[in-house]
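In: this one's sequence-less:
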């Protein structure tokens, strides 16, 4: 298969596939005399694995580690469990950060709405949000 066919099967652009190859997530493919890469069905499976790992929030280095574990299969489950626990913890922390950010934004929005309801002209020096950001 050439890169265009792999792109269609995986839903990734040829550039993304080349990037995975440069990052050594995929083995460098043999090229035809015309310079085209020749991919195997295993490459498609591997690309889909990488894509799904990224959709779960794994970084490229974590995905590389998962790929190594997939081939070793020796005590991989406990290691993968540890990676998943760390990922869940990171997602929880990020969600908490986003929740706090949302609260701060809502507070700023209430200040803005209050200011506008009082029919005050909102200029830079009077805008509560701009004052807060400035400080």
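Out: Everything's here; your move. Only a predicted model underlies this, so the values are computations on that prediction, with no experimental measurement involved.

In: Give me the mean pLDDT for the longest helix seen in the chain.
Out: Ranked by number of residues, the top helix in the chain under DSSP state H is helix 76-117. Model confidence over helix 76-117, given as mean pLDDT, is 91.

In: how distant is it from the center of its chain?
Out: 16 Å (C-alpha atoms, centre = their mean, to the nearest Å).

In: and it, what does it pack onto?
Out: Judged by 3 or more C-beta pairs under 8 Å, 6 or more residues apart in numbering; DSSP states H and E, the packing partners of helix 76-117 are helix 60-72, helix 128-134. C-beta: built from backbone N, CA, C; applies to glycine.

In: can you tell me which of these the model trusts least?
Out: Looking at the helices and strands packed on helix 76-117, the bottom one is helix 128-134 with a mean of 73.

In: by contact count, what packs against that one?
Out: Using 3+ C-beta pairs under 8 Å, 6+ apart: helix 128-134 touches helix 76-117.

In: just to revisit the earlier point, reformat the helices and strands packed on helix 76-117 as CSV; add distance to residue 3 and mean neighbour count.
Out: Below are the helices and strands packed on helix 76-117 laid out as CSV (distance: least, C-beta to C-beta, whole Å; neighbours: other C-beta atoms under 10 Å):
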stretch, distance to residue 3, mean neighbour count
helix 60-72, 19, 14
helix 128-134, 47, 12
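
In: wait, which of those helices is closest to residue 100?
Out: Nearest of the helices and strands packed on helix 76-117 to residue 100, taken as C-beta to C-beta: helix 128-134 at 15.2 Å.
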